[in-house]
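[1] My questions are about this predicted structure, shown below with the sequence.
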Amino acid sequence: LNKFQKKTGKPIKVGVIGAGEVANSYHLPVLAAMREVELKWVCDLDRTRATRLARAFGIAEVEQDLGNCAEVDIALVAIPVGNRRPILETIFSRRWNAFVEKPFAVSRAEHQEILRSAEEAGVQVGAAFLRRFYSGTAIAEQIVAQSQMGPILQIWATEGMQIRSTGRDEAQSWRSNRLAAGGGLLIETGCHMVDQVLVISGARQFTLEHCEITYCDDVDFEFKTAGTLELRDGSRCRFGIGGSWLQELYNAIVIEFERARLKVSLNADDAGAWLVDAQGDPIAHLSGIARSELANKGGAQAVYAEWSEFLRQCDTRQPSRVCAESALLTTSFVEDCYKYQPRTCSDSRI
Amino acid sequence: MRIAVTGAGGQIGFRLANWLPTHLDDAEVIAVTRNSLQGKKLAGSACTVRVGSIEEPQGAAQLLKDCDVVIHCALSWESLTHRDSPNIVMIKALAQTPARLFIFLSTISVYSSCIEAGRNTFEHPRPDDDYGKDKLLCEAELARRFADGRIGITLRLGPTYGPFERFSRRIIDCLNDPSFRLPFGGRRLSNAARIDRVCAAVAGLIQRPLDSGVYNLTDDPHLTWKDIFDWHSKLCALPEASFLDDYESSRLREQFLMRKRKNLSQLSRELILGSAAAATQIISSSELFKSAASATLGRLPDSWEVALRKRYLHNQVLREIDAVGARSSWEPWTSILFSDTAPGTYLPAYPSAMHDRDQIDHELLQWYTRWAFPDGMWRD
């Protein structure tokens, strides 16, 4: 059992705020299977949806108002980033730890404000950047940290897919609401990839030299950035990060070292890394790292790993791989991209 | 004339909604999407976007009350083939709008995932998956609802290829896969249609409608799989597809066909073979069996034992050599490469005004470059 649980002698009580897809498909299947966790309630403005979710996972309490929810140790915040501030204030006022879905915040100022509020309340905050726990990310991070393939020359990261059948009507489609979603592709999906690049490279700072964002109406559907990363040893490398909801892209992170290239998968089903030659042809697949709990395949294993990490953080009160401070550079990157190019309505690229 | 395209955020609907406004005179195109996120994709096109659900009559009537033509591309993947399948509900709702011409994009999956001439006929298509069955039910509903003098046309499409098309991505993945072999030497006629042919055909139907009915829509002239793979390999500078010989192709085709023929004899056969295989596995993994077999071998004359062991080793080596470079599995979608051509009536040729050849070639190459290279986005 987790130390956190051992201390209190009781299961760790978790409340779920937001009965949407991320809670249903990612967090709850794993939390329901963790013996040290007791799921106490689901809170959502849509009572029907909350009830359905609660029933599916055997959770007794369903609430529409957070004020009525019973005391818990941790609240999972799985609602759109634009709607979180008042919720987080309530969470902190009740001295609950908060595990917050990505994107963590829309700006550096907001990110820091949340950290400050949490510190004042004496609670822990985690940022759920799931892909940090994919084995490819962990493998690449370790290879970079140990300089096993020489210094990094450049990093390319792209992820694209055409939005096809969303299967959602307007009421469910919070993504089209810029205020709720905090933006479009860049903050919603792109922040994952930005975070992976920053975590893998161990970047301390970035310089954005180019940023091009394609807006359809007021939501960004495509972005392309380039610049320089300052790495932890003081060296620098070039980077290019891009994404698209309009078309498919390479869908991987490619790290060019002096002596080799590493291709890191973005896909949970194939979450390893490939050692590739200069032409991009694969030499070997790396699926796990020795002596590490991070050698998971993605999917439920990654969710389990991030929750274990956050429980450890709550227990030890020491920064962990999911601590919200570690995502500050990611928030800054996304914010700077949006500021780099003032929003204008441009034509669709297709 | 007002033309509504439902499912305008989807694969084919999106292309049609972008293309029709610039290729049809005196036509206003209304792109209907389920939510505004999909609608935003069309912000730069010349069509008008309307957001809403067409799953109930009032909603559909409100959205399409002033439309003369409906091109129905929307598809829900939920509750396929159920009595309350959203796709059938949509057909019913759309039939209550005043449109005089209704074009429904169906699929050749209504015949089967791997068409077998003689068994999958136009009269008795026999779909073998929920997608095909649901589309067939929708076709029947359409025929019933449009028997009142209005024109209801069903187009059965195979895979569409071209820039931005998922099927082209699959073709290119195959060309990049050294273990891939194109069945039957690529000589079989495909059931595929390039996206510009689909757009031109729909535009042609709007301008010169045919009688109500069901039509297959493929490339015109009808191309072989080799033609289509070669088009991709040439433009993207990829190696040409290697070929699977006819014997192996027939064997694999038979496997695909067997998989879909789930009649009683097939089920019994699977059960018996499965039980036998399980029994063999249990016996062969048993230590008792192994020691008994070893003891028996030990009692045989040396020459017999040597011959038996040699034979066993020989067979094992052969199996391993056969597996060198072999494709680990043929994914379900590849059944289309083993398929016969769709039976029934084909849509006549309409002039393809969408692109000149060079333009669509250029679009494919540009699209390919973007996703095939890590720095593809920055090569523009």
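    Looks like it arrived, so ask away.

[2] can you tell me how far B:Val198 sits from chain A?
    Distance, B:Val198 to chain A, by Cβ to the nearest Cβ, to the nearest Å: 16 Å. For every residue, glycine as well, the C-beta is placed using N, CA and C.

[3] May I have the phi/psi pair for the residue nearest to that residue when sequence neighbours are not counted?
    Sequence neighbours aside, B:Thr160 is the residue nearest to B:Val198 in space, at 5.7 Å (criterion: Cβ to Cβ, 6 or more residues apart in numbering or on different chains). Backbone torsions of B:Thr160, given as degrees, to the nearest 10, read phi -100, psi 140.

[4] ok, A:Leu130 - contacts?
    Going by Cβ atoms under 8 Å, 6 or more residues apart in numbering or on different chains, A:Leu130 touches A:26, A:102, A:192, A:302-303, A:306.

[5] do you know how far it is from B:Asn35?
    Using Cβ to Cβ, to the nearest Å, A:Leu130 is found at 25 Å from B:Asn35.

[6] And B:Arg187, by the same measure?
    45 Å.

[7] One more: B:Pro86?
    Taken as Cβ to Cβ, the span from B:Pro86 to B:Asn35 is 15 Å.

[8] thinking again about what came up before, these two touch, right, the residue nearest to B:Val198 and B:Cys199?
    No - at 9.9 Å, B:Thr160 does not count as touching B:Cys199 under the criterion of Cβ atoms under 8 Å.

[9] Do I have it right that B:Trp143 meets B:Arg150?
    Check again: residue B:143 is Ala, not Trp. No - the pair B:Ala143 / B:Arg150 is not scored as a contact, 11.7 Å apart, by Cβ under 8 Å.

[10] residue closest to the middle of chain B?
    Central residue of chain B (Cα atoms, centre = their mean): B:Pro159, 4.3 Å from the mean position.

[11] out of the contacts of A:Leu130, what pair is the most spread apart?
    For those, the maximum inter-member distance is 14.0 Å, found between A:His192 and A:Val303 (Cβ to Cβ).

[12] more neighbours, the two?
    A:Val303 (25 against 19; other Cβ atoms under 10 Å in any protein chain shown).

[13] tell me the SS of the more buried one?
    helix (DSSP: H, G, I helix; E, B strand; the rest coil).

[14] How about the contacts made by it?
    A:26-27, A:29-30, A:130, A:133.

[15] If we use 10 Å, what do you get?
    Counting by Cβ atoms under 10 Å, 6 or more residues apart in numbering or on different chains, A:Val303 makes contact with A:22, A:25-31, A:33-34, A:128, A:130, A:133, A:268, A:296.

[16] Equivalent analysis for B:Phe229, please.
    The contact partners of B:Phe229, by Cβ under 10 Å, 6+ apart, come to B:161, B:171-172, B:174-175, B:180, B:182, B:186, B:190, B:223, B:238, B:240-241, B:337.

[17] how about the helices of chain B, start to end?
    B:11-23, B:36-40, B:57-64, B:86-95, B:130-145, B:166-176, B:195-207, B:225-235, B:246-260, B:264-285, B:287-299, B:302-322, B:357-372 (DSSP state H).

[18] Is there proximity between the second one and chain A?
    Yes - Helix B:36-40 comes into contact with chain A (Cβ under 10 Å from any Cβ of the partner chain), by way of B:36-40.
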